[in-house]
Structures are given as structure tokens and as C-alpha cells.
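Asks: predicted model and sequence below, questions to follow.
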Amino acid sequence: MNRVFTIFGGTGDLTFRKLLPALYNMSLSGQLAAEDRILIIGRRDYSNAAYRVLVQDWVNRFARLPYHEADFSRFASQIDYLRMDFTDPAQYAVLAERYHVLGDAAHIFYLAVAPRFFRVIAEGLSHIPAARAGKLVLEKPFGEDLASAKALNRELEAIFGAERIYRIDHYLGKEMVRNIQTIRFSNPLFTDSWNARQIEFIQISALEDVGVETRGGYYDASGALKDMVQNHLFQLLSIVAMERPAHFSGADMHAEQLRVLRSLRPAGREPIADTLVLGQYDGYRAEPQVAPDSQTETYAALRLFVDNDRWRNMPFYIRTGKKAGKREMEVAVVFRSPAPGVPRNVLIIKIQPTEGVYLKFNIKKPGDTEEMAEAKMDFCQNCVLEYRINTPEAYERLLGACMRGERFWFAQWDQIEAGWDYIESLKALAAQDGAALYPYEPGMPGPAQADALLAQFGHHWYAPEDA
Ligand code: BG6
């Protein structure tokens, strides 16, 4: 059966930058069949031809695979634009008619819109017979706060059923995020020492060079904790810390990830000052759509514990920030020193922009000496041309996974709820405690207080160049 891929929010940044370039790549790699259709829903007035011209520009700029005129025309001929106010229930009759004309198809509905529109769209679709067996793809945020997100989730599940809802966390589509489980569980070298007895601390760092750009309105109501930590970085934390699941591709993995989040030492058990540092880059308050007295954090550093046998009393450090000087994301595993004066072994899983693995270990200096030196091995995976060409981008993978019904590539509601729950209680405690919001200069990797958070425990943030 052919597929109809409907995108609500067809003139937004996500659609242009990520979804359509990903679909173009998928048409080249054969994942999108020639008879599949892409239906774009937007409020602006475009003819199919005018909309396809826009798409051409974005595909040209953002698609991973090379742009070729003939390939693009074939792809573009599969795209239709439908002007529709999706907040108006009456207009779903037009959509129903369109689906009727397209005939029998498997439907995927991608909601590339703000969460306040999720309900009205799901409700509108529920009256279209052809749409009833379709899949609903949602982008975060999944609500405004935990309470509203829970309510929204209940309503969506009542309409679509839990099994047909796919929540995107694009970090789950990143090559090196998927690779963590292989590196951890397929190398005895690491598998057997992946615990608090051998490891001194683990750090998950996601720095960005960009600021809030055009998303000030959304971001100012969200902040780094909600925008990055409670979803993407908690996903990573739970993969790094989970027990080996019976299967990596099913509900088992989610269950193990969830167990990690539920084992987080409750917020407030440690002093807030030893748990959280928040920062805001200078100039943030002058960004478009940001309140001039905004107290929103653009940077967060956390010190967390997973209270189970494997990780008892070993800190996990997480940091993320905008305008932090560089785009660099990695997981650093810092092993305990075996004896005084012996440098720690460090394993760094590099997620982006470089994808690779870095390992620092001790070695004897050459010659008649017992003196030690540190060997640094650096494997860059995306420097290998063949891998670069063959590695799909996150959205490509996730769209493909949704088409195939592979739910394990998506964020599960109970995980989202656990992460959200933790962050909301931490924020409430921080507010109660009068936690400061530290300014930092754009271009710096956060405020100095984030370094002090680790330094008081004899630790520091690692990056491959200074590990
Ligand atoms: C998004 C956040 O989910 O992830 C953005 O809303 C952030 O604020 C982005 O910039 C980071 O994604 P990536 O793939 O560039 O690391």
C-alpha cells in the first residue's frame, strides 16, 4: 500500500530545514517509494508549483545527498500543498476529500506545530475515516508543563491509541547516540568496567555555538533545562547508565532506560548549590521575542546520582548551553586512577560535530625509563568518506523508523514524564532556594560557577583537546 505523509506546519523551519531534505534523501535511497505522496498543510497561499520552488531551495541547501535536477523533479512531483486553517474543525472535510481522491493509503501525520495545536488537529483527523489507522508523529515540547502535557497525552492517546503515537527525540536518531550501546556492551574492555567501582565520573556535555536565533518566543518560556536536559540529555543519560536490555530493539530497552530515570536521586536530597548551576548569556535579553528582564536560563550544569548498585555515589555531570563558543557534544567517561599520581583513563564518545571515539590511557615512555606518558587515540568515524555518505541523518532515520513501525526509535511517554517530573521538582527547589542565574559571555563554555561545581569535588569538564 502506498503512503501519504501529511505535514502540518508546512511552512515552518522544521519542515524546510529537516523534514523535506530528509524526505528527499529517502527518495534517493529508495525508502520513499515513487507512489508515496507528501501533503503539506499550511495557512499561507501557495500553488503546488510555487511551493515546490521553495522546497527546491531548502533541499539544495540542507539535503545530505547531492542535489540533482532530475532527482529533485521526481521528488517534487510527489509533493502537494493544501492551504488549510487546521484550527478550524470545518476545514477537515476538505482534507477528507483529498484523502478520498488519493485512495487507500497508509497515513502518517507529522505535527510540526506548537503543542497547543496538537489537540485540535488530532480531533479533526479523528473524524476522517481514512485517517483512523494512521500514525501521529509529535515533536517536543509535548505540552507547556507536566500537568498540561499529561492531560494532552491522555487526550491524544484516547483519539489515536498509544501505539500509533510517535514522539520524536531527534537525539535518538543520531549515529553516535545509537552507537553508545554497541560501544558499551560489545567491548569487554568497557562492559566490565562500566560501574562506579572503576569510573570516577561521567559527563554529558552538549554545547552550542548558536543563540536562540529566531526562536526567542518559544525558548524564553522554556529554557535550557526543559529544552535540552529533560528530553535529549536524559535520553543519553539513561542509555549510558542502563543495565543491558534483553533486546535493544524493543520495549526492554525502554524499560531499562526508565529504570535509570526512576533511580535518579530525588532533587533536594543533595544541596541545590551542589546540584545545579544556571546561566544566561550576555545579550540574551535583547534577542527578539525575549522578555527584557528574562530570568530564563540559556545554560545549565547539573550534578546527578543514579541510586542503584552499579552507580552508587558516582556523579553524572550534565551541561548544556547556547552561545557557548562551539558546537560540541560528547559523553566523557573518566575512570578512577589506579594509584596516586597515575593519570585517569578517559573514554570520550564524540557525538557531534565529530563522530568518533577518543581514548586516553597510560603507557611507558620509550627508552630505558619507567616514566609514564599518556597515549591519546582518536578515532574519527565521520572522517571516513564511505561512512559519511552512508550515514543517514537523524530525521531520515526517524521518518524511516516511523514508516516501518519501529517504535523503539522514539521517546516513550513514561520516560518523558519521569524526566519532566525530575526537572520540575528541581526547578521548584532551586527557585525556593533563591538559586542565582549567572551571566556568561557569549563564546565562553558557560559561567565560571559551572567549573567550580566540579572543581570542589576534584573534577573538571573534559573535552578531547584537553582530556
Ligand atoms: C532542539 C532544541 O531540540 O535541539 C534546540 O529545541 C537545540 O534548542 C537543538 O538547538 C539541538 O539539536 P542538535 O541536533 O543541533 O544538537
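Replies: On my side now, so go ahead.
Asks: who touches Leu138 in this structure?
Replies: Shown in contact with Leu138 (Cβ atoms under 8 Å, 6 or more residues apart in numbering): Leu111, Pro115, Phe118, Leu156, Ile165, Tyr166, Arg167, Ile168. Heads up, the C-betas are built off the backbone N, CA and C, glycines and all.
Asks: show me where the stretch 351-467 of the chain has its strands.
Replies: All strands of the stretch 351-467 of the chain, identified by DSSP state E, counting those that start in this stretch, fall at 356-364, 372-380, 437-440.
Asks: now mean pLDDT and distance to the ligand too, for these, in a markdown table please.
Replies: What follows is the strands of the stretch 351-467 of the chain, written out as a markdown table (pLDDT from 0 to 100; distance: least, Cβ to the nearest ligand atom, whole Å):
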| stretch | mean pLDDT | distance to the ligand |
| --- | --- | --- |
| strand 356-364 | 96 | 16 |
| strand 372-380 | 95 | 18 |
| strand 437-440 | 98 | 17 |
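Asks: got CSV for those strands, with distance to Gln230 too?
Replies: CSV is the format used below for these (distance: least, Cβ to Cβ, whole Å):
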stretch, distance to Gln230
strand 356-364, 27
strand 372-380, 31
strand 437-440, 18
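Asks: how about those strands, which one is nearest Leu399?
Replies: Checking the strands of the stretch 351-467 of the chain against Leu399 by Cβ to Cβ gives strand 356-364 as the closest, at 25.6 Å.
Asks: can you list the strands that that closest one pairs with?
Replies: strand 346-352 (antiparallel), strand 372-380 (antiparallel) (DSSP bridges).
Asks: what sits up against stretch 408-420?
Replies: 140, 142, 146, 149-150, 153, 162, 165-169, 172-173, 229-231, 234-235, 238, 248-251, 253-254, 257-258, 261-262, 397-398, 401-402.
Asks: how about the residues of this protein near the ligand?
Replies: His170, Glu208, Asp227 (Cβ under 6 Å from any ligand atom).
Asks: closest one of the residues you listed to Ile272?
Replies: If you rank those by distance to Ile272 using Cβ to Cβ, Asp227 comes first, at 20.4 Å.
Asks: can you classify the residue nearest to that closest one when sequence neighbours are not counted by secondary structure?
Replies: Distances taken as Cβ to Cβ, 6 or more residues apart in numbering put Tyr219 closest to Asp227, at 6.4 Å, once the chain neighbours are dropped. Of the three states, Tyr219 takes helix according to DSSP: H, G, I helix; E, B strand; the rest coil.
Asks: pull stretch 65-85 out as CSV, backbone CA atoms only.
Replies: Output of stretch 65-85 as CSV, limited to C-alpha atoms (Å, rounded to 0.1, in the frame of the first residue of the first chain):
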residue,chain,number,x,y,z
LEU,A,65,22.7,13.7,-0.6
PRO,A,66,23.7,15.6,-3.7
TYR,A,67,21.1,17.7,-5.4
HIS,A,68,20.3,16.6,-9.0
GLU,A,69,17.7,18.3,-11.1
ALA,A,70,16.1,15.0,-12.3
ASP,A,71,16.0,13.5,-8.8
PHE,A,72,14.5,16.6,-7.4
SER,A,73,11.8,16.9,-10.1
ARG,A,74,10.8,13.3,-9.4
PHE,A,75,10.7,14.0,-5.7
ALA,A,76,8.9,17.4,-6.1
SER,A,77,6.2,15.8,-8.2
GLN,A,78,5.2,13.7,-5.1
ILE,A,79,4.5,16.9,-3.1
ASP,A,80,1.2,18.7,-2.9
TYR,A,81,0.4,21.8,-1.0
LEU,A,82,-3.0,22.3,0.7
ARG,A,83,-4.0,25.6,2.2
MET,A,84,-6.0,25.0,5.3
ASP,A,85,-6.6,26.5,8.7
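Asks: list the residues that contact Leu146.
Replies: Going by Cβ under 8 Å, 6+ apart, Leu146 touches Glu417, Trp420, Asp421, Glu424.
Asks: how many neighbours does whatever residue of the chain ends up closest to the ligand have?
Replies: Distances between the chain and the ligand by Cβ to the nearest ligand atom are smallest at Asp227, namely 4.7 Å. The number of residues packed near Asp227 is 23, by other Cβ atoms under 10 Å.
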